[in-house]
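Sequence first, predicted coordinates after that:
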Amino acid sequence: MTDLLAGLREALRLIVTLDADLIEITARSLQVTLTALLIACAIGLPLGGWLAVRRFRFRRAVIAVLNALIGLPPVVVGLVVYLLLSRSGPLGVLGLLFTPTAMIIAQVVIITPLIASIAHQAMRDLWADYHDLLISMNATRWQRVTTLLIDGRRALLTAALAGFGRAIGEVGAIMIVGGNIDGATRVLTTAIALETGRGNFALAVGLGLILITIALLVSGASHWALRTERRSLW
Amino acid sequence: MIRALLLALLLPLSAQADTLRMAVTTSFENSGLAEVLLPRIAADTGVEVQLVVVGTGQALRLGAAGDVDAVLVHARAAEEAFVAEGHAPYRRPIMYNDFVLVGPASDPADLARATDAADALARIAATRAPFVSRGDDSGTHQAELALWNAAGITPDGPWYRPVGAGMGAALNTAVGMGAYVLADRASWLNFGNRGGMAIAFEGDPALFNQYSFLPIDPARHPTVNAPAAAVVESWLTSDTARQVIDGYRVAGQQLFTFNAE
């Protein structure tokens, strides 16, 4: 209990004093996660919509694989991305290992299936409502997907926020491919793991509280931007 | 368009100045010495040393793959094998610290009366007092196995608990279980969560823990920053390094002894 209270105090101290290290790792956490989220949404949302609209032979298999990939352990993703980006690996010439870019790649792999799967579930229900209308208007396949994406934006926001949540709190994969290098690839979660290992529980809890606060701010800001959860629109 | 965007995304992130990537062990990082050494190295040589903190086993794997420019580890047998396989041209001893056996202050296995490290471990095994092992193929873990071997004991049974974790996590586990654990002195002195634990045995020369610097062979991995590794190596073996390393104190105790030649 004392450690939790000390953690709260530590969080307040770091925020009030605008600790330079804290600002740096927080900014890097957001940079890595938001970039990964942007890329994952660019892949996952249209993929989810496409799976809802299109009927093809292996559709069920693809959806089953997508749902199974949600459970992929981040450590495994980190290890595979490491082996690919290692100097001795197939993509070693790019020299991306132990950079924020490597962390972004790992996070894209982790959250794209989650975003695509949630988007697909939402689009499928919407497609049942819109099916006859869009067919009778003779809309092309991409017009259908686009319509679903626009009209289902609130459900898609949920998909994006779920992806953001998984990415911002992720530690296993980015620890391996980022290396937790001070001043280069250290982010909030790897700093928490480091301070826990040092037995500095108060600082670790403090950083955890700051992480949750940031997740809250991002979630609130996105609802405000899309005008969801308001009066008649909720 | 997409390709240009991707390039713009990748380039600024992978661009770097004169930096040396060095894989080091968790025990070195936890000692806090890095926070004193790295700024001095940067000020004196202009090389920014980036630490990748992992266990010794993973550090050597990173070196063998050419993913780091140098490694600083403490596991003599593994280092010699590493050199024999041609990943590094040589190993350069830099400094040593020592291991201590940490346990509950009540000392249930009576390590206070142990004559040497082997006797201390024999007492733990005889009383079946809980013992937390790193179990992660790290330098500390290999040192622990060598000590059991020297004591002629094969540790086995429910009292022997390999946790497969770093030094800090293993210490946290030992504190939680009231177990004995082998730790390097630096990690223990810097550790924040001691809860009723104390050093139970220390001082046997068998517990000395030699750290060595191994530059990765540029002939095998052309991408490694060999010039920076040479600069940092010559700094680490200089008189300046002797003063910084020997002068580093935690809680009034000297942690490391410089012994580079």
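Cool, the structure landed.

Tally up the residues packed near B:P39, please.
Neighbourhood size, B:P39 [other Cβ atoms under 10 Å in any protein chain shown]: 12. (Glycine included, C-beta is placed from N, CA and C.)

what's in contact with the helix or strand containing it?
If you go by DSSP states H and E, B:P39 is part of helix B:33-45. Residues from elsewhere that reach helix B:33-45 (Cβ atoms under 8 Å, 6 or more residues apart in numbering or on different chains): B:24, B:28, B:47-49, B:51, B:186, B:231-232, B:235, B:240-241, B:244-245, B:248, B:255-256.

Go through the residues you listed and flag which are in helices.
Using DSSP state H, the subset of these located in helices is B:F28, B:A186, B:V231, B:V232, B:W235, B:T240, B:A241, B:V244, B:I245.

among the residues you listed, which two are most distant?
By the measure Cβ to Cβ, B:A186 and B:V231 form the most distant pair in those, at 25.2 Å.

Give the ranges of residues in the chain that sit below the confidence cut-off.
With no chain named, the answer covers chain A. A:1, A:228-234 (pLDDT under 70).

let's do chain B instead
In chain B (pLDDT under 70), the answer is B:1-17.

quick one: the strands in chain B?
B:19-25, B:48-54, B:70-73, B:92-104, B:131-133, B:160-162, B:180-184, B:197-201, B:208-215, B:249-250, B:253-254, B:257-258 (DSSP state E).

Select, out of the ones you listed, the one closest to A:T185.
Comparing those by Cβ to Cβ, strand B:48-54 comes nearest, at 8.5 Å.

Name every strand pairing with that closest one and say which way it goes.
If you go by DSSP bridges, strand B:48-54 pairs up with strand B:19-25 (parallel).

ok, back up a step: between B:A186 and B:V231, who's got more neighbours?
More crowded of B:A186 and B:V231, by other Cβ under 10 Å: B:A186, with 25 against 18.

Wait, the more buried one touches B:N97, no?
Yes. B:A186 lies in contact with B:N97 (Cβ atoms under 8 Å); the separation is 5.5 Å.

which residues are common contacts for those two?
If you check B:A186 and B:N97 against Cβ under 8 Å, 6+ apart, the residues they both contact are B:S31, B:L255, B:F256.

Closest one of those to chain A?
Proximity of the shared contacts of B:A186 and B:N97 to chain A was ranked by Cβ to the nearest Cβ; the top entry is B:S31 with 10.2 Å.

Spell out which parts of chain A neighbour chain B.
A:35, A:86-89, A:92, A:94-101, A:179-184, A:194, A:196-201 (Cβ under 8 Å from any Cβ of the partner chain).

Name the residue of chain A that lies nearest to chain B.
A:G197 (3.0 Å).

neighbours of that residue, just the number please.
So A:G197, with other Cβ under 10 Å, has 23 neighbours.

What separation do you get for B:A112 and B:A251?
Distance, B:A112 to B:A251, using Cβ to Cβ, to the nearest Å: 21 Å.

of these two, who's got more company?
Higher neighbour count among B:A112 and B:A251: B:A112, with 10 against 7, using other Cβ under 10 Å.

Leaving aside the residues adjacent along the chain, what's closest to that one?
Nearest-residue entry for B:A112: B:A200, 7.1 Å, with adjacent residues in sequence omitted and distances by Cβ to Cβ, 6 or more residues apart in numbering or on different chains.

so who does the one you found touch?
B:V100, B:L101, B:V102, B:G103, B:D107, B:A109, B:L111, B:A112, B:A120, B:Y180 are the contacts of B:A200 under Cβ under 8 Å, 6+ apart.

would you turn those residues into JSON lines with distance to B:V132?
Formatted as JSON lines, these follow (distance: Cβ to Cβ, whole Å):
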{"residue": "B:V100", "distance to B:V132": "14"}
{"residue": "B:L101", "distance to B:V132": "11"}
{"residue": "B:V102", "distance to B:V132": "9"}
{"residue": "B:G103", "distance to B:V132": "10"}
{"residue": "B:D107", "distance to B:V132": "16"}
{"residue": "B:A109", "distance to B:V132": "13"}
{"residue": "B:L111", "distance to B:V132": "15"}
{"residue": "B:A112", "distance to B:V132": "20"}
{"residue": "B:A120", "distance to B:V132": "15"}
{"residue": "B:Y180", "distance to B:V132": "7"}
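
Which two among those residues are spaced furthest apart?
B:V100 and B:A109 (14.7 Å).

What's the local residue count around whichever residue of the stretch 101-250 of chain B sits closest to chain A?
Closest to chain A within the stretch 101-250 of chain B is B:G168: 3.0 Å, counting by Cβ to the nearest Cβ. Residues within reach of B:G168, counting by other Cβ under 10 Å, total 26.

my guess is it contacts A:A193, does it?
No. B:G168 lies out of contact with A:A193 (Cβ under 8 Å); the separation is 9.3 Å.

ok so, going back, any figure for the gap between the residue of the stretch 101-250 of chain B closest to chain A and A:E195?
Going from B:G168 to A:E195 by Cβ to Cβ gives 9 Å.

do the same with A:H120
39 Å.

Please apply the same query to A:R55.
Between A:R55 and A:E195 the computed distance is 51 Å (Cβ to Cβ).

Between those two, point out the one with more neighbours.
Higher neighbour count among A:R55 and A:E195: A:E195, with 21 against 7, using other Cβ under 10 Å.

contacting residues for the more buried one?
By Cβ under 8 Å, 6+ apart, A:E195 lies in contact with A:F201, A:L203, A:A204, A:L207.

check contacts around the third one.
Think A:A204. A:G7, A:I192, A:E195, A:T196.

With adjacent residues omitted, what lies nearest to it?
A:E195 (4.1 Å).

Up against chain A, what does the stretch 101-250 of chain B have?
Residues of the stretch 101-250 of chain B lying near chain A (Cβ under 8 Å from any Cβ): B:166-169, B:171-172, B:190-194, B:221, B:223.

ok so, going back, for PyMOL, what selects the buried ones among the contacts of B:A200?
Command for PyMOL that selects the buried part of the contacts of B:A200, burial taken from 16 or more other Cβ atoms under 10 Å in any protein chain shown:
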select buried, chain B and resi 100+101+102+103+107+109+111+120+180
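
ok, of the contacts of B:A200, which one's closest to B:G152?
Distances from B:G152 to the contacts of B:A200, taken as Cβ to Cβ, are shortest for B:A120 (13.5 Å).
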